[in-house]
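Novice: next one to model:
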Amino acid sequence: MSQRSFLGDMLTTIFERRLTRPFARDKRSLEEMCLALLDAEGEVSGIHLAQAILDRYAGLDSDARRAFFEFLNTGLEIDIHALETAMQRYAEGGTFEDYGKLLVAAEPRRQELLRRLNQPPGATRAIVQMRTDLLALLREAPNLARTDLDFRHLLRSWFNRGFLVLRQISWETPASILEKIVQYEAVHAIDDWDDLRRRLYPSDRRCFAYFHPVMPDEPLIFVEVALTQTVPDSIHRVLADDREVRAARDTKVAVFYSISNCQAGLKGISFGNLLIKQVVDELQRELPGLETFVTLSPIPRLTRWLETRDDDRARRVLAGEAGDDELRSVAADYLLNAKTATGEPYDPVARFHLGNGAQIHAVHTGADLSDNGMRQSCGVMVNYHYDLKLIEQNHERFVQSGTVSTAPTFRANAPANKSLQQRMGIA
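Specialist: Numbering: from 1, shown residues only. Predicted coordinates for the structure are as follows:
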């Protein structure tokens, strides 16, 4: 990793030295510079101008950034009349030239602007940050959603699976990247370097991350893995300071206990399903004795869902008066039946794992007694099981009919939900 980063730094430095930035003192407005970039014919001058635009954008305040996105949204929109004309000509002639003109007319000019901005060294990182700024504006300016669609369309191409590099993160990984693992951990906070070492150094711990060649020192997403003998029922046991460390070859279960997305600007561009599948392959090659692949996952919206319900069970759970059996029953009910307006699981973690072909394995009370765990799910966590023989079948059933797959262990240990499952057609 360090060699690749060193080579990337060298190449970036060489290119930056060659770029004299002749547009650094450009007196034109940012909008005029963008229009000039769209009209630029020379590759070198285009790179210089793109860098100047990115530099100018980086210095804008929040109001100026919103004005910039409004310009992209309206000033570089699809020309409907030109599109209608191109469609008519293609319908009448159907020639190769007519088809090419139709493609050009059907694409908003802001997409081509973003492509041209993505030429200088470091531009991709700057555009990802630009989308982070755009996402922050969407709540107060929902009209910008169509511009966000264009960002997402391009970023999905630039960050597709063919470009991603899987790397194992270990205690020997450069400190600059380890610091970002600490910073980006979004599920179970890493308290300090000692805490990080406990998650990376022992023989029964693994961590893997995706990187992109143009952002070699910025993890895109990472997963932390515990290698155990049995399926865990508590995050505290997984992360305990005094737990027994096992040799990796003596373990049977791989537990994905934390998956963290690192780049806010890549929201909606899913890497997680690819990451889990590739990490499973990596672990199987290294440790063929592994038999079971599960998660130990939070249930982040359970409390929020209970707060919308007006029944005695919800009130008892929220008041801390429910026993373990009732709490498990309520959590199982939530995982099986709480839906969004579009019929998808209300819980985003459930939506992710079930959509990737996992099945609900078991629900555990008292599994996360941290402040965050109590606040979001009353301490309840869930195992999702990735049964390698059933992943494809579970995924297809979930996508086609919304069927929530459950493991035999879940059905056996949640008797209160059997009649509910029969009524709902739960697998």
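Novice: quick one: low-confidence parts of this protein?
Specialist: Within the chain, the set of residues satisfying pLDDT under 70 comprises 1-24, 41-42, 413-427.
Novice: what's the domain layout of it?
Specialist: 20-158, 164-424 (automatic domain parsing).
Novice: tell me which of these is the most buried.
Specialist: Mean neighbour counts were taken over the domains of the chain using mean count of other CB atoms under 10 Å, and the top value, a mean of 17, falls to domain 164-424. C-beta: built from backbone N, CA, C; applies to glycine.
Novice: got a list of contacts for stretch 147-166?
Specialist: 69, 72-73, 108, 110-111, 114-115, 118, 124, 127-128, 130-131, 134-135, 138, 208-213, 220, 265-266, 268-269, 271, 274-275, 278-279, 282 (CB atoms under 8 Å, 6 or more residues apart in numbering).
Novice: ends of stretch 53-69, how far apart?
Specialist: Stretch 53-69 stretches 13 Å from its first residue to its last (CA to CA, to the nearest Å).
Novice: could you tell me how far that stretch lies from the centre of the chain?
Specialist: Here the centre of mass of C-alpha atoms in stretch 53-69, compared against the chain's by CA atoms, centre = their mean, to the nearest Å, lies 26 Å away.
Novice: same check, this time on stretch 244-251
Specialist: 30 Å.
Novice: report the contact partners of R56.
Specialist: With contacts defined as CB under 8 Å, 6+ apart, R56 is in contact with 26, 30, 33.
Novice: next structured bit after the helix or strand that contains it?
Specialist: With secondary structure defined by DSSP states H and E, R56 is part of helix 43-58. The element immediately downstream of helix 43-58 (helix or strand, assigned by DSSP H and E) is helix 62-70.
Novice: now do that following helix: distance to the chain's middle.
Specialist: Between the mean C-alpha position of helix 62-70 and that of its chain there is a distance of 26 Å (CA atoms, centre = their mean).
Novice: swap in stretch 304-313?
Specialist: 29 Å.
Novice: over to stretch 241-256?
Specialist: For stretch 241-256, the distance from its own C-alpha centre to the chain's C-alpha centre is 27 Å (CA atoms, centre = their mean).
Novice: going forward can the numbers begin at 170, since that is how I track them
Specialist: Got it, the first residue is 170 from now on, which makes the last one we talked about stretch 410-425.
Novice: outside of it, which residues touch it?
Specialist: Contacting residues not belonging to stretch 410-425 are listed as 367, 371-373, 392-401, 406-407, 445, 448-449, 452, 455-456, 458-465 [CB under 8 Å, 6+ apart].
Novice: ok, now stretch 246-263?
Specialist: The list of residues contacting stretch 246-263 from outside it, by CB under 8 Å, 6+ apart, reads 267-268, 270-271, 273-279.
Novice: one more pass at 6 Å, please.
Specialist: Contacts made with stretch 246-263 from outside it, assessed by CB atoms under 6 Å, 6 or more residues apart in numbering, are listed as 267-268, 270-271, 274-275, 277.
Novice: just give the closest residue to N312, not the sequence neighbours.
Specialist: For N312, the nearest residue in space outside its immediate sequence neighbours is N242; the separation is 6.5 Å by CB to CB, 6 or more residues apart in numbering.
Novice: shouldn't that neighbour be in contact with A310?
Specialist: No: the pair N242 and A310 fails to qualify as a contact (CB atoms under 6 Å) at a distance of 8.6 Å.
Novice: out of the contacts of R225, which are inside strands?
Specialist: Here DSSP state E is the test, and the contacts of R225 give no hits in strands at all.
Novice: adding distance to L318, write those residues out as CSV.
Specialist: Below are the contacts of R225 laid out as CSV (distance: CB to CB, whole Å):
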residue, distance to L318
D195, 30
L199, 22
M202, 24
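Novice: closest to R566 out of those?
Specialist: For the contacts of R225, the minimum distance to R566 (CB to CB) is 49.9 Å, reached by L199.
Novice: how close does the nearest residue to the closest one once chain neighbours are set aside get to D195?
Specialist: Among residues not flanking L199 along the chain, R225 sits closest, at 5.3 Å (CB to CB, 6+ apart). Spatial separation of R225 from D195 under the definition CB to CB, to the nearest Å is 8 Å.
Novice: got it, and A274?
Specialist: In this view, A274 and D195 are 30 Å apart by CB to CB.
Novice: and for A251?
Specialist: According to CB to CB, A251 stands 29 Å off from D195.
Novice: repeat for A233
Specialist: When CB to CB is the yardstick, A233 and D195 sit 16 Å from each other.
Novice: for K436, same thing?
Specialist: Shown here: K436 relative to D195, a distance of 32 Å by CB to CB.
Novice: how are the strands of the stretch 370-519 of the chain distributed by residue range?
Specialist: For the stretch 370-519 of the chain, the strands defined by DSSP state E, counting those that start in this stretch occupy 374-380, 390-397, 422-430, 461-464, 466-467.
Novice: what lines up beside the longest one in the sheet?
Specialist: Read it as strand 422-430. Based on DSSP bridges, the pairing partners of strand 422-430 within the sheet are strand 390-397 (antiparallel), strand 461-464 (parallel).
Novice: could you export the shortest one as CSV, keeping only the C-alpha atoms?
Specialist: Extracted as CSV, the C-alpha positions of strand 461-464 are listed here (Å, rounded to 0.1, in the frame of the first residue of the first chain):
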residue,chain,number,x,y,z
THR,A,461,-20.2,-19.6,9.1
PHE,A,462,-20.4,-16.0,8.0
VAL,A,463,-22.6,-13.7,10.0
THR,A,464,-23.0,-10.1,11.1
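Novice: all strands of the stretch 220-369 of the chain, in order?
Specialist: For the stretch 220-369 of the chain, applying DSSP E, counting those that start in this stretch gives strands covering 334-337.
Novice: what sits against K270?
Specialist: Contacts for K270 (CB under 6 Å, 6+ apart) come out as A255.
Novice: does N563 sit in a helix or strand, and which one?
Specialist: When the helices and strands are read off by DSSP H and E, the one containing N563 is helix 560-570.
Novice: can you list contacts of that helix?
Specialist: In contact with helix 560-570 (CB under 6 Å, 6+ apart) are residues 523-524, 526, 528, 572, 574.
Novice: rerun at 7 Å
Specialist: Helix 560-570 is contacted by residues 523-528, 572, 574, 596 when judged by CB atoms under 7 Å, 6 or more residues apart in numbering.
Novice: R412 and T316, how far apart?
Specialist: Between R412 and T316 the distance, using CB to CB, works out to 49 Å.
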